[in-house]
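Chemist: with the sequence up front, the predicted model follows.
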Amino acid sequence: MTPPTPLAHDEPLAYLTAATTGIRHHTRTTTSPDSDPRATRSEVDALHAHLTALHTLLSRLTEQTRAARPAQSSHLAAARTRLWQASEHLHEAFHQVSRSTAPDVVEEGICRQDIDTGPPFVTICLRHVRTSALVRQQTTPADLHSPLHGHARHRAS
């Protein structure tokens, strides 16, 4: 068996492979006995960025395969929905990390957050709001709120 040829750095799959490798490395380092057991805002923000980027990629793949392979497109759409649900949980987890005693403020189009938190929350919230606009166009509220029980069935037509 011959080893696979290495990917050129300009190929999209190379970037996905590198991102996956980075996540695996971070997983190993955070599960070491010396690591802090708490998730930081930076870690949750980075994971949220990964999930929203994956959501965008799955959206494009879903649209590209819809006509030629409806069953595959249906599975990709289901995965896209689950990624959005996961990113919603990460967004909420971000707002639970290191909350201060300052009163909450509400800015139009931005989430509730502490006054003294600073720019990082704006980045995650704006990313979340932008992605949620796509989600509302692509997914029904029933799909977003349905629990996943076992394997979903997708028509092969």
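Modeler: The structure has been received and is ready for your questions. Please read all numbers here as calculations on a predicted model, not as lab measurements. Numbers count the residues shown, from 1 in each chain.

Chemist: can you give me the helices for this structure?
Modeler: Using DSSP state H, the helices assigned to the chain run over residues 12-30, 41-65, 70-96, 119-138, 141-145.

Chemist: quick one: the first one to helix 41-65, angle?
Modeler: If you take axes from the mean of the first three to the mean of the last three CA atoms, to 10 degrees, helix 12-30 sits at 150 degrees to helix 41-65.

Chemist: same question, the fourth one
Modeler: Taking the same axes, to 10 degrees, one finds helix 119-138 and helix 41-65 inclined to each other by 20 degrees.

Chemist: for this structure, where's the lowest mean pLDDT among helices and strands?
Modeler: strand 104-105 (a mean of 38; mean pLDDT, DSSP states H and E).

Chemist: hang on, the earlier thing: got the helices of the chain as CSV, with mean pLDDT and mean neighbour count columns?
Modeler: Any C-beta I mention is one placed from the backbone N, CA and C, and that applies to glycine too. Shown next, in CSV, are the helices of the chain (pLDDT from 0 to 100; neighbours: other CB atoms under 10 Å):
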stretch, mean pLDDT, mean neighbour count
helix 12-30, 83, 11
helix 41-65, 90, 17
helix 70-96, 91, 18
helix 119-138, 82, 15
helix 141-145, 80, 10
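
Chemist: mind listing what the residue nearest the centre of the chain touches?
Modeler: Centroid-nearest residue in the chain, with CA atoms, centre = their mean: residue 51, separated by 1.6 Å. Residues near residue 51 by CB atoms under 8 Å, 6 or more residues apart in numbering: 83, 86-87, 90.

Chemist: distance check, the residue lying closest to it once chain neighbours are set aside against residue 71.
Modeler: Computed as CB to CB, 6 or more residues apart in numbering, the closest residue to residue 51 that is not its neighbour in sequence is residue 87, at 4.1 Å. Going from residue 87 to residue 71 by CB to CB, to the nearest Å gives 25 Å.
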